[in-house]
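Asks: Build me a model from this:
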Amino acid sequence: MNRYERFRRFFVVAGWLYFCFMAYMLLHPRPPIPPIARFNFGYVHFCAFIVLGAIVGLARKKTSSYYWFGILFVWCAGSEFLQRYTGRNFELRDIIQNTLGVGVGLPIGAVLRTLLIKRLSGERKAGDKAETAETNG
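Replies: This next block holds a predicted model:
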């Protein structure tokens, strides 16, 4: 298993853990809200979904970002619809903020993923050259 695959697996596990945390926070009837978030709750939704999008962008294999955007959009909208059954209110504004967060986070994760792959493949090539020089020297 190469180094990138180990990083990818880490982000898969981190993504699932973060997804479970978000499910708790979004679907709990009275989630614990830090005092600073009470005033700017829209930003909290936006930023939370940026992080989710970035983690998914880093964890994905060669699957299209459009595919993952669709899946995450279903979660953005679905979590709001499910809030009706937990005693919380459905808000269209939250769906928009969540979707915008995913729309910003996925490209960030995709760029970071590309940079990570390039860096790790560059280190591997440099290591191969050093190894070859040692055997030839």
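Asks: Please, where are all the helices along this protein?
Replies: 3-27, 41-59, 65-82, 92-136 (DSSP state H).
Asks: how about those, which one is nearest I33?
Replies: Of all the helices of the chain, helix 41-59 sits nearest to I33, with 7.5 Å by Cβ to Cβ. From N, CA and C alone the C-beta is placed, and that goes for glycine too.
Asks: Give me the buried positions along the closest one.
Replies: Neighbour-count burial for helix 41-59 flags 44-59 (criterion: 16 or more other Cβ atoms under 10 Å).
Asks: repeat for stretch 103-120
Replies: So, applying 16+ other Cβ under 10 Å, buried residues of stretch 103-120: G103, V104, G105, L106, I108, G109, A110, R113, L116, L120.
Asks: Then stretch 72-86?
Replies: By 16+ other Cβ under 10 Å, the buried positions in stretch 72-86 come out as L72, W75, C76, A77, S79, E80, Q83.
Asks: Save those as CSV, and put in distance to I96 too.
Replies: Output for the buried residues of stretch 72-86, formatted as CSV (distance: Cβ to Cβ, whole Å):
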residue, distance to I96
L72, 14
W75, 14
C76, 9
A77, 10
S79, 13
E80, 10
Q83, 15
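Asks: Wait, Y18 touches I55, no?
Replies: Yes. Between Y18 and I55 there is a contact at 5.9 Å, judged by Cβ atoms under 8 Å.
Asks: Could you export the buried residues of stretch 72-86 as JSON lines, including pLDDT and distance to E91?
Replies: Listed next are the buried residues of stretch 72-86 as JSON lines, based on pLDDT from 0 to 100; distance: Cβ to Cβ, whole Å:
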{"residue": "L72", "pLDDT": "91", "distance to E91": "18"}
{"residue": "W75", "pLDDT": "92", "distance to E91": "16"}
{"residue": "C76", "pLDDT": "90", "distance to E91": "12"}
{"residue": "A77", "pLDDT": "91", "distance to E91": "11"}
{"residue": "S79", "pLDDT": "90", "distance to E91": "11"}
{"residue": "E80", "pLDDT": "89", "distance to E91": "7"}
{"residue": "Q83", "pLDDT": "88", "distance to E91": "8"}
